[in-house]
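Engineer: Pasting the sequence and the predicted model now:
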Amino acid sequence: MKNYPIWKSFTVISLVLLGIIFAIPSIIYDENSENWFLKNKINLGLDLQGGSYLLLEVQLDVLYKEELDNFVDSVRLISRDQAVKIEKIDIQENEVVVFFANKEKIKDIRDSFFQMYRGVTLQINNNKLSIKLNDEYRKIIQDSAIKQSLEIVRKRIDESGTKEPLIQRSGKKRILLQLPGVKDPERIKDLLGKTAKLTFHIVDNDNTSALQNNLAPFGKIIVSDMYDENTKYLLDKRAVVGGENLVDAKGSFDQTEGHAVSFRFDTEGAQKFGKVTTNNIGKNLAVVLDGVVITAPRISSAITGGSGIITGNFNAQEASDLAVLLRAGALPAPLEIVEERSVGAGLGADSIAAGQIAAIIGMVLVCVFMILIYGTFGALANVSLIVNLFIIISLLGTIGATLTLPGIAGIVLTIGMAVDANVLIFERIKEESLKQTKVFLIVKNGFDRAMSTILDANITTLIAAVLLFAFGSGPIRGFSITLSLGVIASMFTALMLTNFLVYMYLSIANKKKLIL
Amino acid sequence: MFGLNKIIPVDPNINFLGLRRNFLIFSILAILFSIGLLSIKGLNLGIDFKGGTLIEVSTKNTSIGELREILSSSYSDVSLQEFGNENIILIRLQNKSNQESIETVNSVKNLIQDKVVEFRRSEFVGPTISSELLFRGFQAVSFALIAILIYIWLRFEWQFGFGAVVALTHDVLFTLGLLSILNVEFSLATIAAILTIAGYSINDTVVIFDRVRENLRKYKKLELVDLFNLSVNNTLSRTIMTSLTTLLALVSLFIFGGEVIRPFALTMIIGVIIGTYSSVFIAVPTLLIFKFRPQDEDD
């Protein structure tokens, strides 16, 4: 084979072999294989293997409002200590304005307040103290809320038994979840839809007028029953003990109580719980979950063992879900589902089958067409095209990219576009053959002249693909990946493999004349 | 050696540029028509950009009419559509709030539970997300156009960049206009298709421009119109070949690739045809505005 360096043939052949060998894991596709080689297979996106994608948004406004409420409570306590009367408290969107009866001790109040909440903006204007949630303070709240939420979401998903979930922060206040194989996201959504803030409060049965007027005095709150909105309880606002002191919770069944959740406190919780139950025998203790009372049994004796059960009208699933929520802990703020995409395994399998058929038929059509137009040269280009497909598959597998339905579309599109480089070369060869008679010179010039055009033409497609990757989301990124890999692979196969094949063919067939 | 390539003449000599006025008028009318359609009728926005809920079910022993009856008693804003075959039905709902949609999905599922074999897919896009997605889509398309312009500008003279962008804008607007007439659903995948069309059309244009540049160097005395004609003719068989192979793959995707991918394939088919047309009949004639040779001015 004259004119063709051995190192070049060696490089081309080994790259082609690598491309074919590393496509094998994706073609065999053994899902559970632990073999290092077979693990290099394509990951299927949720739209192909079935599963759920959820985007959750942390409801930060709720947290800001809660913090403003905390400000009000604290300022009340401080002014009570300082014996200053508060005339009015104005809660606005972003700040609390407190009007005091006189301005003598207002600076002291401000200083004590600042001791408790460093970082807030405090302003005194005559007898008015304004407490503002500034941007830095909000950012601190935001960051810690997202971090906590992520952790809690992760625990809840783990507890639910979902395999290989992907849980990550997305943007400023969102959490992205990918749950492969989850057929019914309803249960997951239920688990994530609850804040699961559990607190225990002493019930105030003495002050009946407060309930009648539906007006809670300072230090008390009115909470309705979980099962009957019209049943209200007046509770101490201060919780005796909360869910953060739980170390374990599980669903249990009792002949008399039915399904229930049994729980155990840590040492601190057990101590608090023991003390309160000792001091309040005869009173009721309300179990409050997310702002409603589940149950409010009478304390008949001191509970010092640090464990107990929560009864309600639960069924088995509800009791075990509540136990999951309590074990995982409370979310700092409610989560809202802002985007959901769930695909059943049936549709996923249909999409893969349809994609395969489209790819095979597209391939056959293009190959037949190339042979019809370019004859033997077309057949050589077809070899390149098939190798091109293997290379795309092996690259997808080895870099661990995810194949999505638009990704399959990208592959089919690439089949049509990949021959372009070959066409450019063949057309140049055709033109050169009108000027030259030396076969190898014709081919050499053809490849050389087509080179810069091929580069220019493909780089513009790559630019579009890269931008699509940068701005696109999920499945669309899959398209830009296969398109980019396809374009890159097609440049290699045309400029190196087709080149090699054409030289091989011409040397073996020993052509003296070239008509294309 | 056999091969049908001889049916495309090796050295065709078709006077493309002579027809430029007709095509220019056609394109201007098409663009005006597209702009009119886009502003009056608009695009058929899918839930990606409009927000809302979509549920795909496969059914048994029922008809779309029956399902519609069941659902429309509870929801005023529900639309049903057969998707590929009569047993697969797509249900779309509009909701005001995120919370409401989650509940809607559940209650729709309960209402039609006994008529359904499988819930194949359910998608929900909230109002904040859909407007974000739309914004990002626009960003992607505009940045792509700018980046391509910069690339052409660096590789060629700026006049070529101008020609390419005129052709590209033409392709995007024309394609959008046709999508509007055909009422093709506009989704994230459509944005991907538009960007790919931009890449493809530029690819086509660049190949011809490459030849124009080469010929400008080679034939210093040739009239510009003749030189452009020659360049288009030189690259004609490549232009046709590549468009045809791409279309073959896309038609296969359109027919066999499944219902979900069909709007994408259709958009691409439209775009490839328009992109090929514009490279020859819009991008190249645009270059005539500029005088590439100093000696032309001397004449």
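Structural biologist: Received, thanks. Residues are numbered from 1 along each chain as shown, chains lettered A, B, ... in the order given.

Engineer: residues touching residue B:204, list them.
Structural biologist: If you count contacts by C-beta atoms under 8 Å, 6 or more residues apart in numbering or on different chains, residue B:204 has them with A:457, B:239, B:242-243, B:275-276, B:279. For glycine as for every other residue, the C-beta is placed from the backbone atoms N, C-alpha and C.

Engineer: Excluding covalently adjacent residues, which one is nearest to it?
Structural biologist: residue B:279 (4.0 Å; C-beta to C-beta, 6 or more residues apart in numbering or on different chains).

Engineer: Can you lay out the contacts of residue B:204 as TSV showing secondary structure and pLDDT?
Structural biologist: Formatted as TSV, the contacts of residue B:204 follow (DSSP: H, G, I helix; E, B strand; the rest coil; pLDDT from 0 to 100):
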residue	secondary structure	pLDDT
A:457	helix	82
B:239	helix	92
B:242	helix	92
B:243	helix	94
B:275	helix	95
B:276	helix	94
B:279	helix	92
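
Engineer: top of those by neighbour count?
Structural biologist: With neighbours taken as other C-beta atoms under 10 Å in any protein chain shown, the top of those is residue B:275, carrying 30 neighbours.

Engineer: Ignoring the adjacent residues along the chain, who's closest to that one?
Structural biologist: residue B:201 is the one closest to residue B:275 (C-beta to C-beta, 6+ apart), at 3.2 Å.

Engineer: looking only at pLDDT, what's the mean for whichever helix or strand the one you found is part of?
Structural biologist: With elements taken from DSSP states H and E, the one containing residue B:201 is helix B:188-218. The predicted model assigns helix B:188-218 a mean pLDDT of 89.

Engineer: Equivalent analysis for stretch B:76-88, please.
Structural biologist: 86.

Engineer: contact partners of it?
Structural biologist: B:56-60, B:63-64, B:67-68, B:71-72, B:89-94, B:117, B:120, B:258-259.

Engineer: The same query, at a cut-off of 6 Å, please.
Structural biologist: Residues external to stretch B:76-88 that are found in contact with it (C-beta atoms under 6 Å, 6 or more residues apart in numbering or on different chains): B:58-59, B:64, B:67-68, B:71-72, B:89-94, B:259.

Engineer: likewise stretch A:394-401?
Structural biologist: A:19, A:22-23, A:25-26, A:40-42, A:481, A:485.

Engineer: What is the neighbour count of whichever residue of the stretch 101-250 of chain B sits closest to chain A?
Structural biologist: Closest residue of the stretch 101-250 of chain B to chain A, C-beta to the nearest C-beta: residue B:249 (2.9 Å). The local packing of residue B:249 (other C-beta under 10 Å) involves 30 other residues.

Engineer: any idea which element it lies in?
Structural biologist: Here residue B:249 sits within helix B:236-256, counting by DSSP H and E.

Engineer: Report all helices and strands that that helix contacts.
Structural biologist: Packing partners of helix B:236-256 (3 or more C-beta pairs under 6 Å, 6 or more residues apart in numbering or on different chains; DSSP states H and E): helix A:345-374, helix A:405-435, helix B:262-278.

Engineer: relative orientation of the longest one and helix B:236-256 in degrees?
Structural biologist: This points to helix A:405-435. If you take axes from the mean of the first three to the mean of the last three C-alpha atoms, to 10 degrees, helix A:405-435 sits at 160 degrees to helix B:236-256.

Engineer: and what of the first one?
Structural biologist: With the same axes, to 10 degrees as the basis, helix A:345-374 and helix B:236-256 are set at 150 degrees to each other.

Engineer: Skip ahead from helix A:345-374 and say which helix or strand is next.
Structural biologist: Per DSSP H and E, the helix or strand that comes after helix A:345-374 is helix A:376-398.

Engineer: for that next one, which positions count as buried?
Structural biologist: For helix A:376-398, the neighbour count (16 or more other C-beta atoms under 10 Å in any protein chain shown) marks A:376-378, A:380-382, A:384-385, A:387-398 as buried.

Engineer: With only the CA atoms kept, save that helix in CSV.
Structural biologist: The C-alpha trace of helix A:376-398 is given here as CSV (Å, rounded to 0.1, in the frame of the first residue of the first chain):
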residue,chain,number,x,y,z
THR,A,376,-18.2,1.3,-4.2
PHE,A,377,-17.3,4.6,-2.6
GLY,A,378,-20.8,4.7,-1.1
ALA,A,379,-20.2,1.3,0.4
LEU,A,380,-17.0,2.5,2.0
ALA,A,381,-18.8,5.5,3.4
ASN,A,382,-21.4,3.1,4.8
VAL,A,383,-18.7,1.2,6.7
SER,A,384,-17.7,4.5,8.2
LEU,A,385,-21.3,5.3,9.1
ILE,A,386,-21.7,2.0,10.9
VAL,A,387,-18.5,2.5,12.8
ASN,A,388,-19.6,6.0,13.6
LEU,A,389,-22.7,4.6,15.3
PHE,A,390,-20.6,2.2,17.3
ILE,A,391,-18.3,5.0,18.4
ILE,A,392,-21.2,7.1,19.6
ILE,A,393,-22.6,4.2,21.6
SER,A,394,-19.2,3.4,23.1
LEU,A,395,-18.5,7.1,24.0
LEU,A,396,-22.0,7.4,25.6
GLY,A,397,-21.2,4.3,27.7
THR,A,398,-17.7,5.1,28.7
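
Engineer: Centre of the chain to it, how far?
Structural biologist: Centroid separation between helix A:376-398 and its chain, computed with C-alpha atoms, centre = their mean, to the nearest Å, is 34 Å.
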